[in-house]
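[1] Compute the structure for the input listed below.
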Amino acid sequence: MNKTTKIRKPFSDIGKQEASRLRWDDARVFLAIARNGSLSGAAASLGSGLATVSRQIERLEAALGLTLFSRHQNGYRLTDDGAALLERAEALEQAAEAFAEGSAAQTEIAGRVRLATAETLANHLIIPALPKLTDQYPDLTLEVVTDVQTVNLHRRDADLAIRMVKPERGNVTIRRLGKLGYGLYASQGYIAGRIEKREDARFDTDRFIGWCETYGHLPAAQWVERILRGRAPILATTTLSAQVSATLAGAGLAVLPHFIARQNDLVCLESDLGIDQGIWLAIHSDLAQSRRVRVVAEFFASLIHEAKEKLETAGRK
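    From the prediction side, this is the model:
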């Protein structure tokens, strides 16, 4: 009696109908074995019985007409066909997780999220928007750290950061959210008493508000220093809020973010100083899939996107 030989097809030749037989329940078992390298490890991770896991993977292989794992004394290893199926199984896993998260109650977003950001963004953009976030997720606690020079995401000093300098090191995922534009601003009172000068000397008699020496690395501080050409500023500060107050009082000209100057109805003398900065979102890679961290990250990403025009363009001229 002749035995029928089963012809084994490579994964690339599987038709859509056969490939569609991979269901989420099958994918869970397949991924568990692939990740644990054994039936016992897969069973433990799934909270299932060893025999059940064995039957499920055999049923899947029979349905697809493929051998997904090679059996060895020291465990299970993916075959080429199994490796080719891995991406499809992971896609099913991601879809299942997204469905579960989408159907979960919003009140399940709870716990503490620590955000590191610049005082500029914290005081004038992030904190004013917090009620929208906390109304939606009342069990969420947000810590805002503005001393960003001492914060290291890699050390887990914070869960995520919104910064104007792109992180170059550390175990973080990075995303560019937008741009922060700067201009040269003055109060209406200062403008009224200002004497216009010729183009090549128009700032020679102006008073400038600058930064203290320890902040000389800031692009705004360096721009003012170039314009002053050795002259001393009328005032040097260590905070942006102090510069805004001094500008409003008519003490002199200051380099300020457009959106803050607009909020204070200051007049823009120069709108493009060549010192605009990118706004970057950085999340510790270990927390990239944390629901509460992702909720906070997406909230502020949307906030910055909605404020794009105000952040990038000049106010009153």
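
[2] contacts and neighbour counts: CA atoms only from here.
    OK.

[3] for the chain, what spans make up the helices?
    Listed in chain order, the helices found in the chain under DSSP state H are 16-19, 24-36, 39-46, 50-64, 80-103, 119-121, 127-136, 188-192, 219-228, 240-248, 258-263, 291-306, 308-312.

[4] got the buried residues for the fifth one?
    Neighbour-count burial for helix 80-103, counted by 16 or more other Cα atoms under 10 Å, picks out 81, 82, 85, 86, 89, 90, 92, 93.

[5] Quick check: which of the helices of the chain is buried the most?
    Of all the helices of the chain, helix 258-263 carries the top mean neighbour count, a mean of 21, counting by mean count of other Cα atoms under 10 Å.

[6] That one packs against which elements?
    Using 3 or more Cα pairs under 8 Å, 6 or more residues apart in numbering; DSSP states H and E as the contact test, the elements touching helix 258-263 are strand 182-186, helix 308-312.

[7] Output the buried residues of helix 80-103 as a markdown table; include the columns pLDDT and distance to residue 146.
    Output for the buried residues of helix 80-103, formatted as a markdown table (pLDDT from 0 to 100; distance: Cα to Cα, whole Å):
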| residue | pLDDT | distance to residue 146 |
| --- | --- | --- |
| 81 | 89 | 51 |
| 82 | 89 | 49 |
| 85 | 87 | 46 |
| 86 | 84 | 43 |
| 89 | 83 | 42 |
| 90 | 80 | 38 |
| 92 | 79 | 40 |
| 93 | 78 | 37 |
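
[8] which one of those residues is nearest residue 145?
    Out of the buried residues of helix 80-103, the one with the shortest distance to residue 145 is residue 93. That distance is 35.0 Å, counting by Cα to Cα.

[9] Spit out the contact partners of the closest one.
    24, 27, 28 (Cα atoms under 8 Å, 6 or more residues apart in numbering).

[10] So which of those residues sits lowest on pLDDT?
    When the contacts of residue 93 are compared by pLDDT, residue 24 scores lowest at 72.

[11] Quick check, pLDDT for the residue positioned nearest the centre of the chain.
    Closest residue to the average C-alpha location of the chain: residue 281 at 3.3 Å, with Cα atoms, centre = their mean. Model confidence at residue 281, given as pLDDT, is 91.

[12] From residue 166, how far out is it?
    Taking Cα to Cα, to the nearest Å as the measure, residue 281 and residue 166 are separated by 8 Å.

[13] Let me see the contact set for residue 187.
    By Cα under 8 Å, 6+ apart, the contact set of residue 187 is 247, 248, 249, 250, 265, 266, 267.

[14] rerun that using 7 Å as the cut-off
    For residue 187, the residues meeting the contact criterion (Cα atoms under 7 Å, 6 or more residues apart in numbering) are 247, 248, 250, 266, 267.

[15] Sweet, I'm off.
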